[in-house]
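*Asks:* just need the structure, nothing else, for what follows:
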Amino acid sequence: MFRLNRLTDYAVVVMTQMAHDQQDVRTAPQIAQLIGIPLPTVAKLLSALARGGLVVSHRGAAGGYTLSRSPEEIPVAAIIQALEGPIALTACVQGSDEHCEVASLCPMQGNWNKVNLAIRTALEQVTLADMAPTFDFDRPPEATEAPLGPALRKASG
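*Replies:* Numbering: from 1, shown residues only. Okay, the predicted model is just below:
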């Protein structure tokens, strides 16, 4: 089964919380409290997202983090790549960090690129704005109309 790791799932949750009110500078402890993910995990995610150019760190007494650009301009593919590196389904696709030992003998060589491109293209077309839930992060989940997403259910339950 192909699936993203839990940290990548949580990174999307962190960023959707930040997209909720883009003008606010939020600290890692504030974000952790709002989404129910442990502070060390949120801090690790914010660091990776900052290295990936998706969030900006603001220093000082009123410091914290903000999105680097609007949620409409941040593709899900960029979040995945910030946490997991290049999107590559197998070792033989272009952009993979791995080297396939039998690439010269493999009849599938190059064919996986079509699948990988389709997946990467789909992930680039879905933005953070598309992923942002409609419920209010600042109110308890039971007070909102929209149900929690899978990542929040895992984090809070």
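
*Asks:* going by C-alpha atoms from here, please, whenever you check contacts or count neighbours.
*Replies:* OK.

*Asks:* what's the domain layout of this protein?
*Replies:* Using automatic domain parsing, the domains assigned to the chain come out as 1-74+130-157, 76-126.

*Asks:* adding mean neighbour count and mean pLDDT, write the ones you listed out as TSV.
*Replies:* Formatted as TSV, the domains of the chain follow (neighbours: other Cα atoms under 10 Å; pLDDT from 0 to 100):
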stretch	mean neighbour count	mean pLDDT
domain 1-74+130-157	16	81
domain 76-126	15	79
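
*Asks:* show me where this protein has helices.
*Replies:* 6-20, 28-35, 39-51, 76-84, 112-125, 128-131, 150-156 (DSSP state H).

*Asks:* neighbouring contacts of the longest one?
*Replies:* Think helix 6-20. The contact list for helix 6-20, computed with Cα atoms under 8 Å, 6 or more residues apart in numbering, reads 26, 31, 35, 37, 41-42, 45-46, 49, 66-67, 70-71, 76, 79-80, 83-84, 128-129, 131-133, 136-137, 151-152.

*Asks:* let's see 6 Å
*Replies:* Under the contact criterion Cα atoms under 6 Å, 6 or more residues apart in numbering, helix 6-20 has outside partners 83, 132.
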